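S.K.: missing the sequence, but the structure's below:
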């Protein structure tokens, strides 16, 4: 006697389709991150005021964060719908060429963002009112 068993949960299907939609934006978000980085480098080399450099650095950080989120969604979508429910399926998906590509891309973006957050965002001195 055969029993019907759904292959994946409805929630997994919904999350999979949402991740596929987000993953479509990866090239645009990477392009925006490159443009933000270029703007930051231009401001640093031109000797712009520290406040402008900080704003550009924060914008670059936001662009990297958006690109990282989209790349993570692409990695999950590349793993397939079964990977949302099964840890084993998730591990198997990372060993495929597409899964390995997205895992490396996520790692690269995460490392780039962490390095930028540690060293790339200049601190602006606060103006403390003097007490008389």
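M.R.: Yep, it's here. Remember, it's a predicted structure, so these values are computed and weren't measured experimentally.
S.K.: Show me where the chain dips below the pLDDT cut-off.
M.R.: Within the chain, the stretches with pLDDT under 70 are 1-6, 132.
S.K.: if we go to 90?
M.R.: 1-10, 85-87, 89-90, 94, 120-132 (pLDDT under 90).
S.K.: For it, which segments are assigned as helices?
M.R.: 10-23, 26-46, 50-79, 87-94, 97-115 (DSSP state H).
S.K.: just so I know, which of the ones you listed lies nearest residue 123?
M.R.: helix 50-79 (7.8 Å; C-beta to C-beta). From N, CA and C alone the C-beta is placed, and that goes for glycine too.
S.K.: now the angle between helix 26-46 and that closest one, please.
M.R.: Interaxial angle of helix 50-79 relative to helix 26-46 (axes from the mean of the first three to the mean of the last three C-alpha atoms, to 10 degrees): 160 degrees.
S.K.: and residue 19, how far is that from residue 69?
M.R.: Note on residue 19: its distance to residue 69, by C-beta to C-beta, to the nearest Å, is 10 Å.
S.K.: quick revisit: nearest to residue 124, of the helices of the chain?
M.R.: Of the helices of the chain, nearest to residue 124 by C-beta to C-beta is helix 50-79, at 5.4 Å.
S.K.: Now that closest one: buried residues?
M.R.: 53-57, 59-61, 63-64, 66-79 (16 or more other C-beta atoms under 10 Å).
S.K.: Can you spell out which helices and strands pack onto it?
M.R.: helix 10-23, helix 26-46, helix 87-94, helix 97-115 (3 or more C-beta pairs under 8 Å, 6 or more residues apart in numbering; DSSP states H and E).
S.K.: Same list (those) but as TSV, adding distance to residue 130 and mean neighbour count.
M.R.: Formatted as TSV, the helices and strands packed on helix 50-79 follow (distance: least, C-beta to C-beta, whole Å; neighbours: other C-beta atoms under 10 Å):
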stretch	distance to residue 130	mean neighbour count
helix 10-23	50	15
helix 26-46	31	15
helix 87-94	57	14
helix 97-115	37	15
